[in-house]
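Q: fold the following and give me the result.
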Amino acid sequence: MLPQCIKSVLWSYDTDKIDLNKHRQLIISQVLNFGTKEATDWLFRKYSKKDIVSELVNPRRGVWYPQILNYWQKKLNITIPSEKYKKAIKSLYDVNNNKNVLADN
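A: Residues are numbered from 1 along each chain as shown. Model (predicted):
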């Protein structure tokens, strides 16, 4: 069973169906992006540093905030390859075409 501090960052998922192993990438990315200190402490107790670093250097596409990804890179002394970093960033701005995706063209 997941603690409430983890359920709160998985707001759009049925947390009763979350499997800690199967949904590891989702849990790690959500907690690192939106979690409190309590949630991140739980995460580092539940998963190995290797698992967490693996998710950061191989991030899911379009789910990360740049400030958060930068913070964890510095905190864990890792480097995310530039192309993976760009694809990982959640944005309404298309970095590849240098334009706001909501703007009229």
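
Q: residue 90 against residue 60, yeah?
A: No: with contact defined as Cβ atoms under 8 Å, residue 90 does not count as touching residue 60 (9.9 Å). The way it works is simple: take the backbone N, C-alpha and C, and place the C-beta from them, glycine included.

Q: now do the contacts for the residue nearest the centre of the chain.
A: Taking Cα atoms, centre = their mean, the centroid of the chain lies closest to residue 29, which sits 2.4 Å from it. Going by Cβ atoms under 8 Å, 6 or more residues apart in numbering, residue 29 touches 55, 59, 60, 63, 64.

Q: which of the residues you listed fall within helices?
A: Applying DSSP state H to these, the entries found in helices are residue 55.

Q: what about residue 74, how many residues nearby?
A: 9 (other Cβ atoms under 10 Å).

Q: just residue 11 next, same as before
A: Around residue 11 there are 9 residues (other Cβ under 10 Å).

Q: residue ranges in the chain under the pLDDT threshold?
A: Scanning the chain for pLDDT under 70 picks out 91-105.

Q: show me where it has strands.
A: Shown for the chain, the strands assigned by DSSP state E span residues 93-94, 99-100.

Q: returning to what we had before: from the contacts of residue 29, which would you call buried?
A: Neighbour-count burial within those applies to 55, 59, 64; the criterion is 16 or more other Cβ atoms under 10 Å.
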